[in-house]
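Engineer: Next input, structure requested:
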Amino acid sequence: RSVMDLLETVTPPEVLADKSSPQHRAMTWIALMDARRIDPASDPDGLVQRYAAATLFFATGGGAAESTEAEANDDSSESVAFSPTPWVRDFGFLAFEHECEWNAKVGGGTGEVGYTAMGVFCDNESDDPFKIDQIILPMNGLSGTIPEELGLLSNVYNAILFSNNELGGSIPESIKNLAGLRTLDINDCQLSSSIPENLFALERLENLWLHDNSLTSTIPPRISEAKALRTLSLSNNYLTSTLPQELTRLSKLDTMLIESNHLTGTIPELGSSLKQLRTLSLANNSLRGTIPVDIAGMEMLESLSLQNNALTGPIFYIRPLTQLKVLSLSNNQLTGLLPKGIFFEGTKLEYLAVGHNKLRGPLPSNLGNAAELKELHVNDNDFIGAVPLENMAPLGALQVARFQGNKLSGSISLPSGNGNFFGNLRVLDLSRNDLTSSIPSGVGSLTSLTDLYLDYNGGLTGTLPRELYEIDQLRILHLNNNRLKGTIATDITKLTLLTVINLADNYLSGLLPAQMDLMPDLTHVAFDENQFHGTLPKTVSSLRNLRHFSVSSNKISGTIPTEWDRMQSLETLSVERNSLTGSFPIEGLVSLQVLKARENKFTGTISKGLFTPNLTEVDLSRNEISGTLSESVGKSVSLEVLDLSANRIAGTLPPEVGRSSELRKLKLTGNGFVGSLPTELGDLAKMETLELAKNLFSGSVPPSLVRLASLSTLELSENDFEGSLDFMCINELPFKLFTSDCYGEKPEVICECCTLCCSDVADQDKIVCHQH
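Structural biologist: From the prediction side, this is the model:
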């Protein structure tokens, strides 16, 4: 009872009385199970501290879920053991030793948690050697909530609880009692509610890391009271409203990270007061207005990230920010020119991103001054003029250069001479511009290049330079939608690391590369919309990682190699609009989602094995395929589009088609289907287009079709249907086109809501149709 009397002075009695509460469990352990048997009369402070540490343990998931009281009533003299803790490690919590010893070393060094030891700690050399002054429990599987009893550990100056993904609730109000707190790190948890205002009454608080939680409400104006604050990290929460003007009073602030919240309003003028600031990130919010000019007064600033907001106006630079290394302003609505002042001689800039704005004019001619620049992103603006690659010759550190989506024109001019220009360049993106001329042979000097994008430059002409094939680190090559001509040299197989090659929509000719197996990492191949001829290479079947292969709209002939049914990773196959012949051997490709083979000369039948569960689109229209449609079509439960029109397929429409519940478009026009329509068609609730014209279907149209609420196109004309279709008129379906044989003195069907009535009686030389 004496233990309870003492603890009721620090914890509400009703909380202690709740047998399910961590406070009750901690009290029970202290009073009945703790072998140290602390006397509340002689050492009240010691008992309270031990109780607070035990409460932290129980409140954050430590200990058994069942009540300790029942265990404590055991008459046995042996100590009672707890069930295993859900913590990753318990670090000796609830052991006989003094709570200052409830810690342990982790690994052989700092490890991934960044600390050599974890648990709770006391400073043996301090004035209070038995007072807990550090709580270090990161990445230890803590759950539950942080109890108010944390405030009883008033000597704590370092509280580290980050990356405990199930630790939620709010920051306890008792945090105000930790007067000496210098660092509070509870990032990457599940904290919710608002940030307690009294947290900022802690005058010694230097580092506050609360990012990657679910904190709500606003940033309290009382933040101005935290005069010692150096690091403020509140990113990736749900904070709202505006940035408080009180932030300007944090004159010692070194790092401010408030990105990825829901902040609105304008950016306060911070530059005149936050002179020590080195890192400022307000990215991924909804901030508006202009970039404050006084930011130029932050002479120590090394990183400025304002991307993904709604900022407007120009980019101002009053004087150089001599320490700036990172400038990220992408995805705003900034206008005007890109200032030359950014690229002053001696700049330390390493990363510049201004993509997806409304910047205009030519790119600065002094880009070459940024000798330490590693990444340049000026994409998706309205920049004009030449690509300043020649002026960028001194940029030996450059790794990524993105110019895509502008109005840059002229030829691609690389620096000349014997220097190792762009020796570290890995990514060069010049796509979606107005570049002309040919790909320069100097591209072969970019020996570190892994990604090259020159696509969608309508004026890029000439042939593929052989030097291109010498870039042996190349992994991604996009040259599509240009006016390139000539052939693909066999040397392309030197690009053994290539994963993506897109040469579509050019004027390339000749044969497809025969030894594609020499590029074993290929995942995407696009040769469509060219003038390639010859046959499909068998070696494609050796590409075990291939997911997309397209050679549509060429002059490819011959058959599809039977070996291609080995490509179990293939998701998209497009061979449409060629001159391919023979049967269609593709079956059993379990990953296949899209198959496009229309407008060839395929014959034979459709294999039962074609229809696999992952298929979403099949287009075999305008071929010479015969046979019947197998009931296995029902296995393609993800199928959205099936187009078999303009073939020679006969037989009945299998009722199993009704199992393809995702089907939106079914096109069977121009075949020889017979018999009645299966009522299961009415189960296809997502059907939008049903084209059955020009077949030999007969009988009555099943009334189940009235259930197709999304149907906008229904073509039933030029068949042998009979009876009335007026049941389709009752629900006023949103028909754009509804055709049937409802025209003439003796129409085959009656239809009051058809948009087009036709007549295909035998004594007529041609089909007659009239709008209804």
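
Engineer: now the closest residue to residue 556 other than its chain neighbours: how far from residue 515?
Structural biologist: Excluding its sequence neighbours, the residue lying closest to residue 556 (Cβ to Cβ, 6 or more residues apart in numbering) is residue 578, at 4.2 Å. For the C-beta atoms, the positions are set from N, CA and C on the backbone; glycine is no exception. The spacing between residue 578 and residue 515, counted by Cβ to Cβ, to the nearest Å, is 21 Å.

Engineer: So those two - more neighbours on which side?
Structural biologist: Counted by other Cβ atoms under 10 Å, residue 578 and residue 515 do not tie: residue 578 has more neighbours, with 23 against 12.

Engineer: That one against residue 550, yeah?
Structural biologist: No: contact criterion Cβ atoms under 8 Å: residue 578 and residue 550 do not qualify, at 11.2 Å.

Engineer: Which of the helices or strands spans the residue lying closest to residue 34 once chain neighbours are set aside?
Structural biologist: Spatial nearest neighbour of residue 34, excluding adjacent residues (Cβ to Cβ, 6+ apart): residue 50 at 7.3 Å. In the assignment (DSSP states H and E), residue 50 maps to helix 44-59.

Engineer: With residue 256 instead?
Structural biologist: strand 255-257.

Engineer: The helix or strand following that strand: partners in the sheet, and parallel or antiparallel?
Structural biologist: Later in the chain than strand 255-257, the nearest helix or strand by DSSP H and E is strand 279-281. Neighbouring strands of strand 279-281 in its sheet, by DSSP bridges, are strand 255-257 (parallel), strand 303-305 (parallel).

Engineer: Can you list the neighbours in contact with whichever helix or strand comes after the last one?
Structural biologist: To tie it back to what came earlier, the one meant is strand 303-305. Where DSSP H and E defines the elements, the next helix or strand beyond strand 303-305 is strand 310-313. Contact with strand 310-313 is made by 267, 286-291, 329, 332-336, as judged by Cβ atoms under 8 Å, 6 or more residues apart in numbering.

Engineer: Sheet-wise, list the partners of strand 310-313 with their directions.
Structural biologist: In its sheet, and by DSSP bridges, strand 310-313 pairs with strand 288-289 (parallel), strand 333-336 (parallel).

Engineer: average pLDDT for it?
Structural biologist: Across strand 310-313, pLDDT averages out at 98.

Engineer: repeat for stretch 320-340
Structural biologist: 95.

Engineer: ditto for stretch 389-398
Structural biologist: Per-residue scores along stretch 389-398 average to 92.

Engineer: Can you list the buried residues in it?
Structural biologist: Going by neighbour count (16 or more other Cβ atoms under 10 Å), the buried part of stretch 389-398 is 389, 391-395, 397-398.

Engineer: Could you give the separation between the terminal residues of that stretch?
Structural biologist: With Cα to Cα, to the nearest Å as the measure, stretch 389-398 spans 11 Å from end to end.

Engineer: One more: stretch 678-692?
Structural biologist: 13 Å.

Engineer: Could you check that stretch and say which residues are buried?
Structural biologist: Quick answer for stretch 678-692 (16+ other Cβ under 10 Å): 678, 680-684, 687-692.

Engineer: What of stretch 228-246?
Structural biologist: For stretch 228-246, a neighbour-count test (16+ other Cβ under 10 Å) marks 229-237, 239, 243-244, 246 as buried.

Engineer: quick one: which of those residues is nearest residue 32?
Structural biologist: Nearest to residue 32 among the buried residues of stretch 228-246 is residue 237, at 41.6 Å by Cβ to Cβ.

Engineer: Please name the nearest non-neighbouring residue to that closest one.
Structural biologist: residue 215 (4.1 Å).

Engineer: What is the neighbour count of the one you found?
Structural biologist: 22.

Engineer: check contacts around it.
Structural biologist: Contact partners of residue 215, counting by Cβ under 8 Å, 6+ apart, are 191-195, 234, 237-239.

Engineer: so what pLDDT did it get?
Structural biologist: 98.

Engineer: sorry, back to before: switch the strands paired with strand 279-281 over to a markdown table; also include mean neighbour count and distance to residue 493.
Structural biologist: A markdown table is the format used below for the strands paired with strand 279-281 (neighbours: other Cβ atoms under 10 Å; distance: least, Cβ to Cβ, whole Å):
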| stretch | mean neighbour count | distance to residue 493 |
| --- | --- | --- |
| strand 255-257 | 21 | 48 |
| strand 303-305 | 20 | 43 |
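
Engineer: In strands, which of the buried residues of stretch 678-692 fall?
Structural biologist: Those of those mapping onto strands are 689-691, per DSSP state E.

Engineer: Of the residues you listed, which is the nearest to residue 672?
Structural biologist: residue 691 (15.1 Å).

Engineer: Who does the closest one form a beta bridge with?
Structural biologist: Beta-bridge partners of residue 691, as defined by DSSP bridges: residue 667, residue 715.

Engineer: Who are the contact partners of it?
Structural biologist: Residues in contact with residue 691 (Cβ under 8 Å, 6+ apart) are 645, 666-669, 713, 715.

Engineer: Please, a PyMOL command that selects the buried ones among those residues?
Structural biologist: Buried residues within the contacts of residue 691, by 16+ other Cβ under 10 Å, are selected in PyMOL with:
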select buried, resi 645+666+667+668+669+713+715
